[in-house]
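Visitor: The sequence and its predicted three-dimensional model are supplied below.
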Amino acid sequence: MTQRQRRRCEGTAMGAIVLDLRPGKGLGPFSLGMPICEAFAQIEQQPNIYDVVHVKYFDEDPLKLDIVISFPDHGFHLRFDPWSQRLRLIEIFDVKRLQIRYSTSVIGGPSSLATFVAVYALFGPTYPGIFDKERSVYTLFYPGLSFAFPIPGQYNDCCHDREAELPLEFPDGTTPVTCRVSVYDNNTDSKVGVGSLMEKACVPPLQAGSLYMEEVHVKLGEELWFSSGGQNIPFGASPQDVWTELGRPCGIHQKQVDQMVIHSASDPRPRTTLCGDYFYNYFKRGLDILFDGKTHKIKKFVLHTNYPGHSDFNSYMKCNFVIYTSEGDRLFHQDMSTSKHTITPDTKWDQVKEMLGDSGRAAIQTQGSASNPFGSTFVYGYPHIALEVMKNGHIATVTLFQS
């Protein structure tokens, strides 16, 4: 698991912050199901509160474990499903560092211990919880919310395996104090808590009409087709065509230098020649569109996977592309998730080579350690497609062109 710290500020000895608790929905500005880019946007809006932020992910296989945004000063973190990059679970792991407000009452923080009695008084009665004898942890469940209480070993006999009632006080007069609070979607009626119960937290379903993670189907050298809205954008389309199909771009910027022209034997222009080409950036779709500066026609598409460990991480939302690599596939625009001739954001470089063959030596792309601490990537070219591959074998970007 690799850890990156987005921001570091010294001297944050402050009182515990107060965040509104919404069982089954979220905590403070963070809502279950939100894309990771939206979570970072909330963090950036309140730098005085979220001044120390850690980003954790599994560098070798970013799809294997959650992407975690952690707030060590405030004792909670956000767990994002690695494939959809949407928030599936919120965990408060140090209740003494964070005050949570439910209705008009506050619990937690250094001055208000989240004891079993306090939790029961605030949230009301519920069914008996589950006692994990191996971890000596008792978990109490409410819809979309759970509280974990560590049980001292000498009092394990006060509980029973699996469902059990927790005593308000132990024989020595002490009362259990929660060690972890979990907020999760309760549409599946799953009981989510510590250990293996944590894996039961699922990402809530997308709202009707949402375009997030819609499939973008690619027919090499020809066109893009968007599955949810049915938009079709071919190479050679004009800016007006794109505006009509996709709406206003999030950004527009001119491409100052064509860095790859030096590799073209048919183009003698010096590498530093300014080109008039310009990009339409659709950050929320994970897509860039490059127009020729003279003809004002589409000449390239760039698709982004938004994997952590790449310099563009958090600049784009993930593009859920499906690239058809076989000329024999005539089921374009249809479900081909089982096809052996498609490239998706999950496809690794070794699988691409099996489909497309050996592309020869890769071009190395680097920005220097100062501007990109993640290291260089490798660009492999084929007819109509170039793939930027990270060191872990995952695809970072795909560039599509006609010739």
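Guide: Yes, it's here. Numbering: from 1, shown residues only.
Visitor: For the rest of this, base every contact and every neighbour count on C-alpha atoms.
Guide: Fine.
Visitor: Could you point out the longest helix of the chain?
Guide: Longest helix of the chain, by residue count under DSSP state H: helix 36-45.
Visitor: Run the chain-centre distance for it.
Guide: On the basis of Cα atoms, centre = their mean, to the nearest Å, helix 36-45 sits 11 Å off its chain's mean C-alpha point.
Visitor: average pLDDT across stretch 321-340?
Guide: Across stretch 321-340, pLDDT averages out at 63.
Visitor: Quickly find the element holding the closest residue to F40 other than its chain neighbours.
Guide: Spatially, and ignoring its direct neighbours in sequence, F40 is nearest to N314 (7.8 Å; Cα to Cα, 6 or more residues apart in numbering). Assigned by DSSP states H and E, N314 falls within no helix or strand.
Visitor: again, but for T399
Guide: strand 395-401.
Visitor: still on that earlier bit, please tell me how far the residue nearest to F40 sits from A39.
Guide: 10 Å (Cα to Cα, to the nearest Å).
Visitor: on that earlier part again, look up phi and psi at the residue nearest to F40.
Guide: With angles defined as degrees, to the nearest 10, N314 sits at phi 80, psi 0.
Visitor: My read is that it contacts H304, right?
Guide: No - if you go by Cα atoms under 8 Å, N314 and H304 don't touch, sitting 10.4 Å apart.
Visitor: what sits against V352?
Guide: I343 (Cα atoms under 8 Å, 6 or more residues apart in numbering).
Visitor: separation between the closest residue in space to H77 that isn't next to it in sequence and F76?
Guide: Nearest residue to H77, sequence neighbours excluded (Cα to Cα, 6+ apart): S70, at 4.1 Å. According to Cα to Cα, S70 stands 6 Å off from F76.
Visitor: What of S311?
Guide: 26 Å.
Visitor: do the same with P345
Guide: 30 Å.
Visitor: Now for F71, how many residues are close by?
Guide: 18 (other Cα atoms under 10 Å).
Visitor: What segments of the stretch 251-400 of the chain are helices?
Guide: 349-356 (DSSP state H, counting those that start in this stretch).
Visitor: What ranges in it fall below the confidence cut-off?
Guide: In the predicted model of the stretch 251-400 of the chain, residues 256-274, 327-339, 367-374 satisfy pLDDT under 70.
Visitor: Quick one: residues contacting the residue nearest in space to the middle of the chain.
Guide: The centroid of the chain falls nearest to Q85 when counting by Cα atoms, centre = their mean (2.4 Å). The contact partners of Q85, taken as Cα under 8 Å, 6+ apart, are P35, I36, I67, K318.
Visitor: quick one: the third one and Y57 touch, right?
Guide: In other words, I67. Yes - look at I67 against Y57 with Cα under 8 Å: they come within range, at 4.9 Å.
Visitor: which other residues reach stretch 144-153?
Guide: Residues contacting stretch 144-153 (Cα under 8 Å, 6+ apart): 23-25, 116, 136-141, 176-186, 191-194.
Visitor: Pull out the buried positions in that stretch.
Guide: Within stretch 144-153, the residues that qualify as buried are G144, L145, S146, F147, A148, F149, P150, I151, counting by 16 or more other Cα atoms under 10 Å.
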